[in-house]
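>>> Sequence below, structure please.
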Amino acid sequence: MDKYQIIRSAEEQFAREVTLGVMIQRPLPAILYIIPGMFFIEYLRRGSAVRKYTKHFMFPRNLALLTAEAVSRGEDEHEIDARIEMDIRNWLTELGLYSPKLAEAQKKSVKLIRAHYMNLLAAEGDSIHDLIKAAYPTTEDYVAYLEKLNAAEKEINGAILGNLGEHPKLQEKLQLEVQQVEKRHQKIMDEIY
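So this is what the prediction gives:
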């Protein structure tokens, strides 16, 4: 498997784990186990939610990976940045979430993730853990990247709350996602270092 596929597969798995972790934090109501067929309907609904979340989680990561590949081929960075801006604007508009603040936060995140992917692509290894270990030789190096990523995601969440309002359910959902992302990052660090 090539490095691009290793990275993409690892990120998709990460997204699924985060989604499932959030869902476990919000267990199914007991009534669903009693009413025939309701459990199955809820099971299908949650499966759809996992696919939807994975798709949205992966959009900036896929964009970062595509642009990392373009940079490595020597394409003009100004053209790449313009493509990032346009793709983010279209994506957020399609979701009904576009605002200049959110678009800028997403752009910063994509550039940060792209730099991370460039490090991974330059590293040697046959698995995501090998690539991370080679790109970030010490725990401190990897933690420094994760702290920047967490700050970028916090900025995105703040912009989302600014757009949609600070509804308690939305705040709870975003907080659960942050907790699951942190747990998954810690799991990765424990496995590698």
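>>> burial of Ser9, as a residue count?
Residues near Ser9, counting by other Cβ atoms under 10 Å, number 13. From N, CA and C alone the C-beta is placed, and that goes for glycine too.
>>> In contact with it, which residues?
By Cβ atoms under 8 Å, 6 or more residues apart in numbering, Ser9 lies in contact with Met1, Ile128.
>>> distance of it from Pro168?
Going from Ser9 to Pro168 by Cβ to Cβ, to the nearest Å gives 35 Å.
>>> Ok, Gln106 next?
Taken as Cβ to Cβ, the span from Gln106 to Pro168 is 24 Å.
>>> Which of these two has more residues huddled nearby?
More neighbours surround Gln106 than the other of Gln106 and Pro168, with 25 against 7 (other Cβ under 10 Å).
>>> Verify the stated contact: the more buried one with Arg89.
No - Gln106 lies out of contact with Arg89 (Cβ atoms under 8 Å); the separation is 9.3 Å.
>>> Could you check how far the residue nearest to the spatial centre of the chain is from Asp76?
The residue lying closest to the centre of the chain (Cα atoms, centre = their mean) is Phe57, at 4.1 Å. Separation of Phe57 from Asp76 (Cβ to Cβ) stands at 28 Å.
>>> same question, Ile156
From Ile156 to Asp76 the distance is 27 Å (Cβ to Cβ).
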